[in-house]
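Chemist: this one's structure only:
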């Protein structure tokens, strides 16, 4: 199987099996979709954990995790969870057709909105449509450059804070939205690599939050229980960000060892010929409110520092307690091959450095 052919969650499971990672999963989500977890490397502890796909439209992170799983070489036990959001990875159209058997695939906002308006409409302002279709809830609106980002991080939180009746109705609900657009990997917003968010007990966020809360979905609680049990010494959470370049996130509480490992990753990616993202190019996209909570820790290394950033509700922030925990970001405006390469180079460098550190 070629890497770009891995466009379903079942294909992720097949890839891990072929790579020798076994047939294990952390749990299953809706439609009994497994959250796959392969074991690689040796048995040396502390273990390494590599995760991706909490935002399943960040496809290069998923592909990079799969490439690392196939040929990773270390004596440390390595657990790879390539996609934390199986429904999102299968995509908006595919999951919609499972919720409503017989519906034709959707490829555009108009087609998606028409299907949703035939379901149980929860909200419709003529642009944003939210509807229950079978056991799941879907939302779509006319496409923008960062489509899922606009819906899940901006529009829905604002709407739910203003409409308490709607927020109460949607409590404990997944909301599937189309993926981000204007990416160079052959997808449309409605095909593989979509996005899922969740409404807990008065708290709305995407699946890289809830790690310090009681009301998270199974996609969060199963992973949290897993790392609580194995206590990894190195965690890499593979994400994708803005611009076309590479950068990292740590946290204000991160140890000097974490920052040293982050620098190792930045140096390796720069030495490979890729560019490192600067704060000047990221701040216009972050916006002033987000930027105020982000500290600069060195070239291409940023930290979620202000209390308002809710840093420890993220997976990487939660894993700070166990050891070195780093979030990678590859700019989605680069080609998918470039993005995968940047993530892979940085990840291999830090895994090597972590293993060497353990030998001294």
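Modeler: Now that the structure is in, tell me what you want to look at. The structure displayed is predicted, hence computed values, not measured ones. Residues are numbered from 1 along each chain as shown.
Chemist: Report the residue spans of the stretch 201-350 of the chain with pLDDT below the cut-off.
Modeler: In the prediction, the stretch 201-350 of the chain carries residues with pLDDT under 70 at positions 305-312.
Chemist: tell me the helices in it, going along the chain?
Modeler: When assigned using DSSP state H, counting those that start in this stretch, the helices of the stretch 201-350 of the chain occupy the ranges 218-230, 256-271, 279-286, 288-291, 315-319, 336-358.
Chemist: just the stretch 51-200 of the chain next, same as before
Modeler: For the stretch 51-200 of the chain, the helices identified by DSSP H, counting those that start in this stretch occupy 59-71, 86-90, 92-99, 109-117, 147-149, 156-162, 164-169, in order along the chain.
Chemist: which of the ones you listed has the lowest average pLDDT?
Modeler: Here these differ in mean pLDDT, and the lowest is helix 147-149 at a mean of 86.
Chemist: quick revisit: determine which of the helices of the stretch 51-200 of the chain approaches residue 197 most closely.
Modeler: Residue 197 lies closest, by Cβ to Cβ, to one member of the helices of the stretch 51-200 of the chain: helix 156-162, at 6.8 Å. In this view, the C-beta of every residue, glycine as well, is placed from N, C-alpha and C.
Chemist: Quick check: which of the helices of the stretch 51-200 of the chain is buried the most?
Modeler: Across the helices of the stretch 51-200 of the chain, averaging neighbours per residue (mean count of other Cβ atoms under 10 Å) puts helix 86-90 on top, at a mean of 28.
Chemist: so what's residue 291 up against?
Modeler: With Cβ atoms under 8 Å, 6 or more residues apart in numbering as the criterion, the residues that contact residue 291 are residue 283.
Chemist: Surely residue 266 touches residue 248?
Modeler: Yes: distance between residue 266 and residue 248: 6.6 Å, which falls inside the contact criterion (Cβ atoms under 8 Å).
Chemist: Can you pull the residues that touch both of those two?
Modeler: 300-301, 346.
Chemist: most neighbours, which of these?
Modeler: Neighbour counts for the shared contacts of residue 266 and residue 248 peak at residue 346, which has 29 neighbours (criterion: other Cβ atoms under 10 Å).
Chemist: Give me the distance between it and residue 146.
Modeler: When Cβ to Cβ, to the nearest Å is the yardstick, residue 346 and residue 146 sit 23 Å from each other.
Chemist: just residue 157 next, same as before
Modeler: According to Cβ to Cβ, residue 157 and residue 146 sit 15 Å apart.
Chemist: winner for burial among the helices of the stretch 201-350 of the chain?
Modeler: Of all the helices of the stretch 201-350 of the chain, helix 315-319 has the most neighbours on average by mean count of other Cβ under 10 Å, namely a mean of 26.
Chemist: for that helix, packing partners?
Modeler: Here helix 315-319 is seen to pack against helix 218-230, strand 234-241, strand 246-251, strand 324-331 when contacts are counted using 3 or more Cβ pairs under 8 Å, 6 or more residues apart in numbering; DSSP states H and E.
Chemist: Would you format these as a markdown table with distance to residue 92 included?
Modeler: A markdown table is the format used below for these (distance: least, Cβ to Cβ, whole Å):
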| stretch | distance to residue 92 |
| --- | --- |
| helix 218-230 | 17 |
| strand 234-241 | 18 |
| strand 246-251 | 27 |
| strand 324-331 | 23 |
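Chemist: Number of residues surrounding residue 145?
Modeler: The criterion is other Cβ under 10 Å. On that basis, residue 145 has 14 neighbouring residues.
Chemist: do residue 144 as well
Modeler: Tallying neighbours of residue 144 according to other Cβ under 10 Å, which is how burial is gauged here, yields 14.
Chemist: so it touches residue 150, yeah?
Modeler: Yes: using Cβ under 8 Å, residue 144 and residue 150 qualify as a contacting pair, with a distance of 5.3 Å.
Chemist: and residue 28, backbone torsions?
Modeler: Per-residue torsions, residue 28: phi -120, psi 150 (degrees, to the nearest 10).
Chemist: taking the mean pLDDT, what do you get for stretch 9-20?
Modeler: The average of the pLDDT scores along stretch 9-20 is 98.
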